[in-house]
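**Student:** Coordinates only, no sequence provided:
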């Protein structure tokens, strides 16, 4: 199993450009999510999905769109990039959401380092 | 909004020393996880604690969940350079909740 894969590894955009960060997992996980990690801010949830066709907003959703057409893929779209979106983006997946009060293991991808000029 | 405060934010110690990292909140969590992240990589789960007062050991790492399930600690005995990394705690509020709340992390450097 490749686990969670993310592409690209690095990306530089100009303000106003759009792009899609790709995320795929081969573990048949129901739950997938996108986080951004900024210095001193920890990991903040952008969007998440509990299964194909179902998505919802996290803590910092503005400026981002997601879709989940298949179990395997969960792309993150930046509609019009802004310098404030410069960050490291992580995709994560887990077999289930939270069962019996105990969070399931989140498997993280290697991240995409995005710079918006 | 549930918050998790981690302390210290940075920690630099000599190889062989012991250390403790704390994760505190005013909110009750149904479970708490600890992740370790190395530079250029995603976080990797170390442990999940569920029961108040629970203690789990992973080789030289000891994790404890507070009795009231509002705090947790990670103790490392005889730290080694391989322990260097960013340690993150993450809490979940309970069944049916899809979201994890992450602390800001403790950056540990173990000097040989």
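**Tutor:** Yep, it's here. Everything numeric here is computed off the predicted structure, so don't read it as measured data.

**Student:** Show the contacting residues for residue 106.
**Tutor:** As the question left the chain open, I've gone with chain A. Contact analysis of residue A:106 by Cβ atoms under 8 Å, 6 or more residues apart in numbering or on different chains lists A:33, A:92, A:93, A:94, B:33, B:35, B:43, B:45, B:90, B:100. Any C-beta I mention is one placed from the backbone N, CA and C, and that applies to glycine too.

**Student:** could you do chain B instead?
**Tutor:** Contacts of residue B:106 by Cβ under 8 Å, 6+ apart are B:6, B:7, B:8, B:9, B:10, B:11, B:21, B:86, B:87.

**Student:** Tell me how many other residues crowd the residue nearest to the second one when sequence neighbours are not counted.
**Tutor:** If I follow you right, that is residue B:7. Using Cβ to Cβ, 6 or more residues apart in numbering or on different chains and skipping residues adjacent in sequence, the residue nearest residue B:7 is residue B:22, 5.0 Å away. Residue B:22 has 16 neighbours, counted by other Cβ atoms under 10 Å in any protein chain shown.

**Student:** which residues does residue B:22 bridge with?
**Tutor:** residue B:7, residue B:73 (DSSP bridges).

**Student:** quick one: contacts for it?
**Tutor:** Here residue B:22 is in contact with B:6, B:7, B:71, B:72, B:73 (Cβ under 8 Å, 6+ apart).

**Student:** mind running it again at 10 Å?
**Tutor:** B:5, B:6, B:7, B:8, B:71, B:72, B:73, B:74, B:75, B:89, B:103, B:106 (Cβ atoms under 10 Å, 6 or more residues apart in numbering or on different chains).

**Student:** The contacts of residue A:106 in strands, which ones?
**Tutor:** A:33, A:92, A:93, A:94, B:33, B:35, B:45, B:90, B:100 (DSSP state E).

**Student:** would JSON lines of those with pLDDT be doable?
**Tutor:** Listed next are the ones in strands among the contacts of residue A:106 as JSON lines, based on pLDDT from 0 to 100:
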{"residue": "A:33", "pLDDT": "94"}
{"residue": "A:92", "pLDDT": "95"}
{"residue": "A:93", "pLDDT": "93"}
{"residue": "A:94", "pLDDT": "89"}
{"residue": "B:33", "pLDDT": "94"}
{"residue": "B:35", "pLDDT": "96"}
{"residue": "B:45", "pLDDT": "95"}
{"residue": "B:90", "pLDDT": "94"}
{"residue": "B:100", "pLDDT": "85"}
